[in-house]
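*Asks:* Please find the sequence and the predicted model below.
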Amino acid sequence: MTQRRPDSVVTVLQISDTHLHATADSRMRGVTTYETLLAVLNHVRRDRRWPADIVLATGDIVQDESRAGYERFRATLEPLGVPVLTIPGNHDDPKLMGELLNSGSFQFGGELRHGPWSIVLLSTFLAGEDAGGLGPARLQGLRKALSAHVGQHVLVAMHHHPLPMGSIWLDGVALRDAKDFWQIIDAHPEVRGVVCGHVHQAHDQERNGLRFMSTPSTCAQFLPHSDFFALDERPPGLRWLELHADGHIETEVAWVPKAG
């Protein structure tokens, strides 16, 4: 018997770093990324938490910035019948994302209110850079967005990590203006959690009463705490987030060992 979740709980499926290509059989770091995405979604559909209220895709959706890659992403997720929120990663083309992933059940950037929760989608994309940044305009936009959601619980979603992961090479391509980001977040206690992608590994810690989480890739993972680039043996993964009416977050990372 399937256990029905309370109506007050907002269930979010976070996927990240799908790294699709123009062709479906393209491989990256030893895996066919489209096949691993399909395996992750098949795994998700067998989970007790499905259907989610929201699918959150936190960047690096397409590796080669191709139109065909974004069209495949949309064609793959659209039949799920769930709102899909997207933000760009350093490998993405934000212009194409805005064109192809911002209609119907798809939303590119912006904000979404769902019951007592608001999800703020934050772009950390910097043209030509692997590292991320916000800059004065986006920082001011974040201030305004959070001020408009007083009384809500807020989850902030971004691609680049704003806290160090303890990996020298990876922290060299983190969020450059993380100090400015946290000054704004610290001034808004309604922010309950921050989630990111980019790091191809699972991480979960508390900072000043706020939950910071990174989510593994739907393809290959990076070896944690490595000074130099190295791949982990972990399989593709995803994160479930259950957002409760009192502001607390229950979360679980699921691994899909048969994928890829």
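*Replies:* Perfect, thanks for sending it.
*Asks:* how long is stretch 196-206 from one end to the other?
*Replies:* End-to-end distance for stretch 196-206, by C-alpha to C-alpha, to the nearest Å: 14 Å.
*Asks:* same check, this time on stretch 240-250
*Replies:* Stretch 240-250 end-to-end distance (C-alpha to C-alpha) = 8 Å.
*Asks:* Could you list the buried residues of it?
*Replies:* 240-244, 247, 249 (16 or more other C-beta atoms under 10 Å). C-beta: built from backbone N, CA, C; applies to glycine.
*Asks:* contacting residues around residue 102?
*Replies:* Residue 102 makes contact with 108-109, according to C-beta atoms under 8 Å, 6 or more residues apart in numbering.
*Asks:* How about residue 84?
*Replies:* 54-57, 77-78, 101, 105-107.
*Asks:* Could you verify that residue 36 is part of a strand?
*Replies:* No: counting by DSSP: H, G, I helix; E, B strand; the rest coil, residue 36 falls outside a strand, being helix.
*Asks:* which among the buried residues of stretch 240-250 gets closest to residue 230?
*Replies:* residue 240 (27.2 Å; C-beta to C-beta).
*Asks:* who's the residue nearest the centre of the chain bridged to?
*Replies:* The geometric centre of the chain, computed from its C-alpha atoms, lies nearest to residue 58 (C-alpha atoms, centre = their mean), at 2.6 Å. Beta-bridge pairing for residue 58 (DSSP bridges): residue 87.
*Asks:* surely it meets residue 160?
*Replies:* No: Residue 58 is beyond contact range of residue 160, at 9.7 Å (criterion: C-beta atoms under 8 Å).
*Asks:* list the residues that contact both of the two?
*Replies:* 89, 196, 198.
*Asks:* Among these, which ones are in strands?
*Replies:* Using DSSP state E, residue 196 are the members of those that sit in strands.
*Asks:* Which of the shared contacts of residue 58 and residue 160 sits closest to residue 41?
*Replies:* residue 89 (19.0 Å).
*Asks:* what's the burial count for the closest one?
*Replies:* 30 (other C-beta atoms under 10 Å).
*Asks:* Can you tell me how far it is from residue 218?
*Replies:* Relative to residue 218, residue 89 is positioned 13 Å away (C-beta to C-beta, to the nearest Å).
*Asks:* Do a quick rundown of the strands in this protein.
*Replies:* 10-15, 27-28, 31-32, 54-58, 84-87, 106-108, 110-114, 117-121, 153-157, 191-196, 203-207, 210-214, 237-243, 249-255.
*Asks:* sorry, back to before: touching both of residue 89 and residue 218, which residues are there?
*Replies:* If you check residue 89 and residue 218 against C-beta under 8 Å, 6+ apart, the residues they both contact are residue 17.
*Asks:* quick one on the thing from earlier: show me which pair in the contacts of residue 84 is furthest apart.
*Replies:* 56 and 78 (15.6 Å).
*Asks:* And these two? Which one has more around it.
*Replies:* With neighbours defined as other C-beta under 10 Å, residue 56 and residue 78 compare such that residue 56 has more, 25 against 13.
*Asks:* For that one, list the residues it contacts.
*Replies:* 12-15, 84-85, 119, 157, 195, 241.
*Asks:* Residue 125 contacts residue 91, correct?
*Replies:* No: shown here, residue 125 and residue 91 do not form a contact pair, counting by C-beta under 8 Å, at 9.7 Å.
*Asks:* Comparing the two, which shows the higher neighbour count?
*Replies:* residue 125 (22 against 18).
*Asks:* quick revisit: comparing the strands of the chain, which yields the minimum mean pLDDT?
*Replies:* With a mean of 90, strand 27-28 has the lowest mean pLDDT of these.
*Asks:* I would like the residues contacting that one, please.
*Replies:* 19, 21, 33, 63, 219-220.
*Asks:* Report the separation between the closest residue to residue 12 other than its chain neighbours and residue 113.
*Replies:* Nearest residue to residue 12, sequence neighbours excluded (C-beta to C-beta, 6 or more residues apart in numbering): residue 241, at 4.1 Å. Separation of residue 241 from residue 113 (C-beta to C-beta): 16 Å.
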